[in-house]
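1. Model the following, please.
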Amino acid sequence: MSDQQNQPALPVATRLHPRNNAGAIQVIINGKQVSACRGETVAVALLLSGRRIFTQASRYNLNRTLFCGMGVCHQCLVTVDGVRDVRACMTKIRPGMKIETRFKMEHSYETS
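-> Predicted coordinates:
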């Protein structure tokens, strides 16, 4: 076995400059409580929690994730507080927000 196969998987994304806990809020992603920071978008919270795939295309079941990051491509659609087809890249995190991706099998790197 090579050394690469023995190493643990790295998180999808990390915060370069962690903010103090004063800005931390709790959201629920696919039924699991996750910490996020005020001012972040839903897409950032999803990536930082280890989720790379947000949805699947209805045609051909292709995986979809953050692509343009500015609301043009609609590749990052999720359900927020029961509202379907919300653009994760354009929606700011709010305390207690319930976010559901349409791809629930994705491995998460969360430790809690």
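
2. C-alpha only now, for contacts and for neighbours.
-> OK.

3. who touches the helix or strand that contains T79?
-> According to DSSP states H and E, T79 maps onto strand 77-80. For strand 77-80, the surrounding residues in contact (CA atoms under 8 Å, 6 or more residues apart in numbering) are 54-55, 84-88, 97-102.

4. and of these, the nearest to V44?
-> Nearest to V44 among the contacts of strand 77-80 is A88, at 8.2 Å by CA to CA.

5. ok, the closest one - how many residues close by?
-> 29 (other CA atoms under 10 Å).

6. how about the contacts of strand 77-80, which pair is most distant?
-> Of all pairs in these, the most separated under CA to CA is T55 and M97 at 18.2 Å.

7. higher neighbour count, the two?
-> Applying other CA under 10 Å to T55 and M97 shows that T55 carries more neighbours, namely 22 against 18.

8. Run through the bridge partners of the more buried one.
-> Counting by DSSP bridges, T55 forms beta bridges with R64.

9. shouldn't it be in contact with T101?
-> Yes. Applying CA atoms under 8 Å, one finds T55 in contact with T101, separated by 6.0 Å.

10. Save the contacts of strand 77-80 as TSV, and put in secondary structure, pLDDT and distance to C73 too.
-> Formatted as TSV, the contacts of strand 77-80 follow (DSSP: H, G, I helix; E, B strand; the rest coil; pLDDT from 0 to 100; distance: CA to CA, whole Å):
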residue	secondary structure	pLDDT	distance to C73
F54	coil	81	13
T55	strand	80	13
R84	strand	93	16
D85	strand	91	12
V86	strand	94	12
R87	strand	93	9
A88	coil	93	11
M97	coil	97	23
K98	strand	97	23
I99	strand	96	20
E100	strand	94	19
T101	coil	90	17
R102	coil	81	17
